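Novice: task: produce atomic coordinates for the following.
(2 chains)
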Amino acid sequence: MSFKAKTILLLILLSLVPYVVTMTFLGNAYRNDVESRLMEDMEYQLGVTIDRLDQSLQSLQNDIEFIASLDIMNDVLTGDLDRRIVNLLLLKKDDLALDGDFDVVDTSGQVVASTALDSIGSPFDGESFMEVPLFSTFNNDNIGTLRVRYEMSNLTRYFANDDNFRYALLVNGERYPSQMQSEDALSVSGVVGMRPEIGILFEQNRDFAFAVLDRFTRNFLIALVIGTLIISAIAFLAASYILRPILLLSSTARSISKTHDYSQRVTVDRSDEIGNLASAFNAMIQGMQDLIARLKEEGENHLKLAQEKNRAEMLQTLSNKLSKYLSPQIYESIFSGEKDVKLGSSRKKLTIFFSDIVNFTGTTDQMESEDLTALLNQYLREMTDIALRYGATVDKYIGDAIMIFFGDPHSRGVEEDALLCVEMSLSMQRRVRELHREWRAAGYTKPFVIRVGIHTGYCTVGNFGTESRMDYTIVGSAVNLASRIENMAEPGTVYISEDTYLLVREKFASLPVGKVTPKGISQPVQLYKVLMDEAVDGVQTLSQEGFQLQYQPELLTAESREQLRQVLEKITRDSSS
Amino acid sequence: MRIVLLLSIILVSVAEAAEYAVVVARNSPIETLDSERLRDIFLRRRSFEGDVPLVPINLLGEEAVRTRFESQVLQMDRAQINQYWVTSHFQGIKPPATQASLQSIKTFIERVDGAIGYLPISMVDDSLKVLHEF
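Specialist: Here you go, the predicted model:
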């Protein structure tokens, strides 16, 4: 059931119930009133009739009492010889228009005088309706009675009967007239005061009695129906008036929820609660509109932020990935903003390191590619770890070769860079020797041997390539030289250029091992081999100012011993001479 | 009756001899009455004779017998009598009862104790006692 229907019903109930109750009460009260009035009227009429009858009887009584009191009644004593009583009675009967008879009966029961002349002289038979005793006027002796013979039914002549009103006489359970005019009649009854044995019944045709009431009832019902219709119509209009803004509100709310058009408003021109509701609704919609606008803005901001964050995360991930391809120093300096990622370069004095695996191809030919990858990766990882530990910049891996430099982006000074580089190289060599044992244990029969070349010189350092693809690296003759030095180095050794040597000679013992002439440089460059503290695979090393002796006792043959002895003899001989 | 009345009138007019008698019933305790007492009875000045109530009875109308009785016994004419009863009426004294005929007077006297009336002597028989003649 809709709210509107409920409201209408409620209004109808609220107004109709009291209306119907009041009207019904009034109608009923009127009906009861009418009925009681009718009964009162009837009782009044009955009372009038009874009074009339009573008076008539009383009058008759008075008349006969008067007659009885007359001196003439003394004639009873003479048997009414002179017919004076008879004449009087006849006169009186005529006078009263009595529809009965007077009789005077003496004490012996003989009729002395009568208006019914035939009965004179015979004993009184019949019933007296009324009688008074007769007394002689001179000695008050009872001398007889004056009686009235009367048919009770004749009393009905006092009744004014018509179609709708009817009187009936009730005597000793007999009813005159005997028939009721209608089964359905209003009736009242009473008794004649003079003669309590005489009852009077007064009936009134109910249809006739209630004709006015029925007409009233019909009009009342019509009024009730019309009133109900009017009340219903008013209730409908009132409900419509009350609900119109609510329906408008709901339709607007539906429309808003469907179209999401929050610019819609309801217009209710009322100053009551409904008007307040409408303005509150409008305010709410306004608030929602504002909120949505703000949310939209915030959402866009969030989205922007999220996108930025996403991008930042992506960049982070990317840079993390990229960092694997870059030296941490380079990576950090780029990402910390110290260096711009743009083409450009600067000139710096760096210490450049090259290493590779001696005879890598020959060593790895017989290995499975998985083993080779594992081995190579382990090697590169170990080396890189060491390099990073020393703060080196790992420039690139070229197959099995590694290119490292010190001095950019962070420099501890040229000398310190060189020292760190040499120390790192020695650490690498030591680590590789340790790895030999591990690899042998793992079943690799031909372990790697690496060689290292180091040079310190000016390089151009920076980003090279194009705007779309650039490489942070170093270029210059010093790089080439370092590479050359590495190529010339013996397996398992570290060769350094003279420039480097001059920087590290205080810390590391080195032997000059030859010269190299780089391309485009006229002067040859002296190379030095850094001496390692411990023997390498049984190789004995002995070095002093002016010489360096290296040998492997278990490999020495007689011929080589002899040759060594001759050399040593010749050296000692030459120096003594 | 008219014949009787006529005869009475004729008789009265013809002879002044006593033709009427004041009578009571044969068994009445009243034996004698002088004219004074008779007068008192019919003027209702005296109601009892001994312990017997007296019931005087008049003839109705202006019959000769009544006129004669009034003039001879009561010694009053009709005007005087009327005057008397008007006066007595205020003292609560009513005139004697009446009968319309002599026959009924006779019957009345015979039947009512203490009744006293007047009749033509011719009508007096054994049932009556004559107390006075006029």
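Novice: could I get the full set of strands for the stretch 1-150 of chain A?
Specialist: With DSSP state E, counting those that start in this stretch as the criterion, the stretch 1-150 of chain A has strands at A:101-106, A:111-114, A:130-135, A:142-149.
Novice: give me the most central residue, chain A.
Specialist: Per CA atoms, centre = their mean, the C-alpha nearest to the average position across chain A is that of residue A:257, at 14.5 Å.
Novice: that one: what secondary structure?
Specialist: Assigned by DSSP: H, G, I helix; E, B strand; the rest coil, the conformation of residue A:257 is helix.
Novice: could you check how far it is from residue A:285?
Specialist: Distance of residue A:257 to residue A:285, computed by CB to CB, to the nearest Å: 11 Å. For glycine as for every other residue, the C-beta is placed from the backbone atoms N, C-alpha and C.
Novice: where do the contact lists of these two overlap?
Specialist: Among the neighbours of residue A:257, none is also in contact with residue A:285 (CB atoms under 8 Å, 6 or more residues apart in numbering or on different chains).
Novice: ok, residue 39 - how many residues close by?
Specialist: You didn't pick a chain, so chain A it is. 15 (other CB atoms under 10 Å in any protein chain shown).
Novice: chain B is the one I meant
Specialist: Neighbours around residue B:39, by other CB under 10 Å: 16.
Novice: cool, and residue A:116?
Specialist: 15.
Novice: next one: residue A:530
Specialist: 25.
Novice: that one reaches residue A:494, doesn't it?
Specialist: Yes. Counting by CB atoms under 8 Å, residue A:530 sits close enough to residue A:494 to count as a contact (4.4 Å).
Novice: shared neighbours of these two, which are they?
Specialist: By CB under 8 Å, 6+ apart, residue A:530 and residue A:494 have these common neighbours: A:422, A:425, A:426.
Novice: if we can go back for a sec, quick one: pLDDT of the residue nearest to the centre of chain A?
Specialist: pLDDT, residue A:257: 88.
Novice: low-confidence stretches in the chain?
Specialist: Using chain A. Low-confidence segments of chain A (pLDDT under 70): A:178-183, A:322-330, A:333-335, A:337-342, A:447, A:520-521, A:533-541, A:543-546, A:548, A:576-577.
Novice: the intended chain is chain B.
Specialist: Checking chain B against pLDDT under 70 turns up B:1-17.
Novice: next to chain A, which bits of it? Give me the list.
Specialist: Within chain B, the residues that sit near chain A (CB under 8 Å from any CB of the partner chain) are B:53, B:55, B:94, B:97-101, B:103-104, B:107-108, B:111-112, B:114.
Novice: any of the residues you listed buried? List them.
Specialist: Neighbour-count burial (16 or more other CB atoms under 10 Å in any protein chain shown) is assigned, among the residues of chain B next to chain A, to B:53, B:55, B:97-101, B:103-104, B:107-108, B:112, B:114.
Novice: return the residues of the stretch 51-200 of chain A in contact with chain B.
Specialist: Near chain B, the residues belonging to the stretch 51-200 of chain A are A:71, A:74-75, A:77-79, A:81-82, A:84, A:136-139 when assessed by CB under 8 Å from any CB.
Novice: which among these end up buried?
Specialist: Buried residues within those, counting neighbours by 16+ other CB under 10 Å: A:74, A:75, A:77, A:78, A:79, A:81, A:82, A:84, A:136, A:137, A:138.
Novice: residue A:200: what's it in contact with?
Specialist: Contact analysis of residue A:200 by CB under 8 Å, 6+ apart lists A:46, A:49, A:50, A:53, A:167, A:168, A:169, A:170, A:189, A:190, A:191, A:192.
Novice: hmm, 7 Å instead?
Specialist: A:46, A:49, A:50, A:167, A:169, A:189, A:190, A:192 (CB atoms under 7 Å, 6 or more residues apart in numbering or on different chains).
Novice: repeat that for residue A:78.
Specialist: When contacts are counted by CB under 7 Å, 6+ apart, residue A:78 touches B:99, B:104, B:107, B:108, B:111.
Novice: quick one on the thing from earlier: take the residues of chain B next to chain A and keep only those in strands.
Specialist: Using DSSP state E, the subset of those located in strands is B:53, B:55, B:97, B:98, B:99.
Novice: all helices of the chain, in order?
Specialist: Answering for chain A, as no chain was given. Secondary structure of chain A (DSSP state H): helices located at A:3-69, A:84-96, A:206-209, A:211-259, A:273-325, A:328-335, A:360-364, A:369-389, A:414-442, A:477-488, A:498-504, A:558-576.
Novice: nope, chain B
Specialist: Under DSSP H, chain B gives helices at B:2-14, B:35-42, B:64-69, B:78-89, B:102-111.
Novice: hey, which of those is tucked in deepest?
Specialist: Of all these, helix B:102-111 has the most neighbours on average by mean count of other CB atoms under 10 Å in any protein chain shown, namely a mean of 21.
Novice: and that helix, what does it pack onto?
Specialist: In terms of contacts (3 or more CB pairs under 7 Å, 6 or more residues apart in numbering or on different chains; DSSP states H and E), helix B:102-111 is packed against strand B:20-25, strand B:55-59, strand B:115-120.
Novice: give me the contacts around it.
Specialist: Contacts for helix B:102-111 (CB under 7 Å, 6+ apart): A:77-79, A:81-82, B:23-25, B:57, B:59, B:99, B:115, B:117, B:119-120, B:123, B:127-128.
Novice: what angle do it and strand B:20-25 make?
Specialist: 40 degrees (axes from the mean of the first three to the mean of the last three CA atoms, to 10 degrees).
Novice: mind checking how far helix B:102-111 is from the chain centre?
Specialist: Helix B:102-111 sits 11 Å away from the centroid of its parent chain (CA atoms, centre = their mean, to the nearest Å).
Novice: how close does residue A:361 get to residue A:552?
Specialist: Residue A:361 sits at a distance of 26 Å from residue A:552 (criterion: CB to CB).
Novice: in terms of neighbours, single out the busier of these two.
Specialist: Per other CB under 10 Å, whichever of residue A:361 and residue A:552 has more neighbours is residue A:552, with 14 against 9.
Novice: from chain B, how far off is that one?
Specialist: The gap separating residue A:552 from chain B is 207 Å, by CB to the nearest CB, to the nearest Å.
Novice: if I look at that residue, how far off is residue A:560?
Specialist: Separation of residue A:552 from residue A:560 (CB to CB): 10 Å.
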